[in-house]
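# Return atomic coordinates for the entry below.
(one chain, ligands or ions: 1)
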Amino acid sequence: MSTVPTSSVATTSSAPTTSADVAVVGLGAWGSQALWRLAARGIDVVGVEQHAVGHALGSTHGTTRLFRELCLEHPGLTPIAGRARELWRDLEAATGTELLTLTGGVMAGPSAGRVVSGVLDAARAAGTAVETIGAPDARDRFPVLHALPEDHVAVLDPAAGLARPEAGVRASVDAARTAGARVVRARVEAIDEARAGVVVRLGGGGTLTVRQVVVAAGAWTDRLVDLPLRPRRVPMFWFTGRDPAALAPGGILDVGRFPVIIRELDDGRCVWGHGAQLPGTDGGFAVKLGLDDDGTDALGFSDADPDRLDRSIDLGRDAAALADAVAHAYPDVDPSPVSGVACMYTRSADQQFHVGRLPGRERLVVAAGDSGHGHKHAPAIGELLAQEVAGASPFADTTFMRADR
Ligand SMILES: Cc1cc2nc3c(=O)[nH]c(=O)nc-3n(C[C@H](O)[C@H](O)[C@H](O)COP(=O)(O)OP(=O)(O)OC[C@H]3O[C@@H](n4cnc5c(N)ncnc54)[C@H](O)[C@@H]3O)c2cc1C
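You can find the predicted model right below:
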C-alpha cells in the first residue's frame, strides 16, 4: 500500500489506539465516500464513526434521494454530479449493489422561478441541450402533473433518478475496506494539531495520530471545526393515493409514470419527490414528497441540536405545510402522509457546500454544509476530498464551495 508521508503513532494507556496516515471523521454520505476514494488511491486511511455504519441518526437515511445532473443550486455543481454518476456506477460494479436508478426528471414551475431558471442556467453553463415544454405538453406526458398551471413550464433532466442513501454508505465502506481502509466505531471529541501530527481524540480516551484529517461530520461539524453552519430538523414523509390503484405498477403514482419531479408553486414553495416504487424494492410502496427548507420555521422545519434531535413524528403537525402544498401540486395523492422520519439538513449561509482546507488548520480538510442537496454528489465529493489530501488538482472547479469563502 502506498502512503502519503508517514504519520506518528498514537500512544495511550488503556483506550483503543490506532495509527494511519489519514483519518476520516464521520462515515455518512460524504465521509464514507472519502474513505473509499482515499483507500482506492492506496492511502493508509482509517474511518471513525460514532454510530453503526448506515445508521438513521444523521442526514443519510430514508431509502431514497433525488439524483439530478442539472443542478439548480449552482451551475458549478453539474460537472460534480456528472462525476458522481460515474462513481456511483463504479461503486455498484465493485459491490454488486444497486445504488442509482435513473427515472428521468421534471423540473417544473413559473418560467422565471428559482427551479426553472436555475436548471436552465446549469444547462447553459454545461453546454447541455435541454427540452423545455409548456404546461399542456407536460400534463400530457406526465399525467400526475395535471394540476400544473397554464403559465408554468417544465425542463426535462434525462439523467435524473433515485439514489439509495443507506445502501450507498454501506457499499462505500465495504469497498473502502476491500481496498485496505479500517473503520473504528468511536466519537471524536476533539482534533488537535501538534508538531508530531494531528491528534484525533476519541471518546473513552483513545487517540489517533495522523498526518491529515478529513472532517465529514454532517450536522455535528461545528463541534469540531469553526464554520457558520445551522443544523436543521427536516423530516421526510411518504404518501399513498386517494385511489389505491394509482400506486399499482403502471398507475398514475407509480415511479415509472411519476419520475423524479421538483415542482415550484406560485408562492415559491418547492415540492420535491417521486412516485411509488415497486413492492419489494428498497423503500416500499409509497410516494415520497417533501418541501425544500426555506430557513424559517414556517414550513415545519426548525434549528436542531443533532445530539438532542426530536425524532418523534407528529404526522399532522410536522407535515401541515407539506400537506397543503401536496394538495395543490398533486391532487391524486392523499395529502395526509402515512409515514415520516426525522432527518437533518446542515445549512450553510449561502447554501453551497464547504469543501477544502480551513485557513489556520491546514492539515484538516472539511466537507460540510450539505444544505439539503449533498447526497447525489457524495462520491464526487469523496473524490475531491481525496484529491485535496493527496495534493492533486481537483477534477472540477470548486471555487464556489471553498471551505474558507
Ligand atoms: C429530508 C431530506 C431530503 C433530502 N433529499 C436529498 C435529495 O433528494 N438529494 C440530495 O442530493 N440530497 C438530499 N438530502 C441531503 C443529503 O441527504 C445530505 O446532503 C447528505 O446525506 C449529507 O451527508 P453528510 O455525510 O454530510 O452527513 P451524515 O450522513 O449525517 O454524516 C455525518 C456522519 O458523521 C458522524 N459523526 C458526526 N460527528 C462525529 C464525531 N464527533 N465522531 C464520529 N462520528 C461523527 C455522524 O454519526 C454521521 O454518520 C436530503 C436531506 C434530507 C434531510
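
# Can you give me the neighbour number for the residue in the stretch 1-150 of the chain positioned nearest to the ligand?
Nearest to the ligand in the stretch 1-150 of the chain, going by C-beta to the nearest ligand atom, is Gly28, at a distance of 1.8 Å. Where you see a C-beta, it was placed from the backbone N, CA and C, and this is true even at glycine. Applying other C-beta atoms under 10 Å, we find 30 residues neighbouring Gly28.

# got a list of what it touches?
Gly28 is in contact with 58-60, 169, 216, 218, counting by C-beta atoms under 8 Å, 6 or more residues apart in numbering.

# Which helix or strand contains the residue lying closest to it once chain neighbours are set aside?
Nearest non-adjacent residue to Gly28, counting by C-beta to C-beta, 6 or more residues apart in numbering: Thr60, 4.5 Å away. For Thr60, there is no helix or strand it lies in under DSSP states H and E.

# before we move on, the earlier item: so which of the contacts of Gly28 wins on neighbours?
Counting by other C-beta under 10 Å, top hit in these: Ala216 with 30 neighbours.

# I'd like to know how far that residue sits from Gly28.
7 Å (C-beta to C-beta, to the nearest Å).

# quick one: pLDDT of the residue nearest to Gly28?
Per-residue pLDDT puts Thr60 at 98.

# Now do the contacts for it.
Neighbour list for Thr60: 28-29, 165-166, 168-169, 218, 375 [criterion: C-beta under 8 Å, 6+ apart].

# again, 7 Å this time
With contacts taken as C-beta atoms under 7 Å, 6 or more residues apart in numbering, Thr60 has the following neighbours: 28-29, 165-166, 169, 375.

# want to try TSV for those residues, with distance to Asp254, pLDDT and secondary structure as columns?
Listed next are the contacts of Thr60 as TSV, based on distance: C-beta to C-beta, whole Å; pLDDT from 0 to 100; DSSP: H, G, I helix; E, B strand; the rest coil:
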residue	distance to Asp254	pLDDT	secondary structure
Gly28	30	98	coil
Ala29	27	98	helix
Pro165	22	97	helix
Glu166	23	96	helix
Val169	27	98	helix
His375	23	98	coil
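
# now the contacts of Gly28 in TSV, with distance to Val119?
Listed next are the contacts of Gly28 as TSV, based on distance: C-beta to C-beta, whole Å:
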residue	distance to Val119
Gly58	28
Ser59	24
Thr60	25
Val169	28
Ala216	28
Gly218	27
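
# what's the closest of those residues to Ile262?
The nearest member of these to Ile262, counting by C-beta to C-beta, is Ser59 at 18.9 Å.

# how much space between the closest one and Leu91?
Remark: distance between Ser59 and Leu91 (C-beta to C-beta) = 19 Å.

# and if you look at Asp266?
Separation of Asp266 from Leu91 (C-beta to C-beta) stands at 40 Å.

# Who has more neighbours out of those two?
Remark: of Asp266 and Leu91, Leu91 carries more neighbours, 23 against 12, as counted by other C-beta under 10 Å.

# Looking at the closest residue to the ligand within the stretch 151-300 of the chain now. What's its pLDDT?
Proximity to the ligand, evaluated over the stretch 151-300 of the chain using C-beta to the nearest ligand atom, is greatest for Gly218 at 2.7 Å. The score at Gly218 is 98. That number is its pLDDT.

# And for the one 3 residues further on?
Predicted confidence (pLDDT) at Thr221: the value is 98.

# and it, which of the three is it?
helix (DSSP: H, G, I helix; E, B strand; the rest coil).

# Now do it: how many residues are near it, please.
Thr221: 24 neighbours (other C-beta under 10 Å).

# I'd like the numbering to begin with 106 instead of 1 from here.
Got it, the first residue is 106 from now on, which makes the last one we talked about Thr326.

# who touches it in this structure?
When the contact criterion is C-beta under 7 Å, 6+ apart, the partners of Thr326 are 320, 332, 334, 451, 471, 473.

# now these in a markdown table, with distance to the ligand, pLDDT and secondary structure?
Shown next, in a markdown table, are these (distance: C-beta to the nearest ligand atom, whole Å; pLDDT from 0 to 100; DSSP: H, G, I helix; E, B strand; the rest coil):
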| residue | distance to the ligand | pLDDT | secondary structure |
| --- | --- | --- | --- |
| Val320 | 9 | 98 | strand |
| Leu332 | 12 | 95 | coil |
| Leu334 | 10 | 97 | strand |
| Thr451 | 6 | 98 | strand |
| Val471 | 10 | 98 | strand |
| Ala473 | 7 | 98 | strand |
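
# how far away is Glu271 from Arg170?
Taking C-beta to C-beta as the measure, Glu271 falls 10 Å from Arg170.

# neighbour count winner among those two?
Neighbour count, other C-beta under 10 Å: between Glu271 and Arg170, Arg170 has more, with 27 against 17.

# Which residues are in contact with the more buried one?
Residues near Arg170 by C-beta under 7 Å, 6+ apart: 268, 270, 480-481.

# Tell me the bridge partners for His459.
Ala473 (DSSP bridges).

# Just give me the neighbour total for it.
With other C-beta under 10 Å as criterion, His459 counts 25.

# Next: the one 10 residues further on.
By the other C-beta under 10 Å criterion, the neighbourhood of Leu469 contains 20 residues.

# three-state assignment of Val211?
strand.
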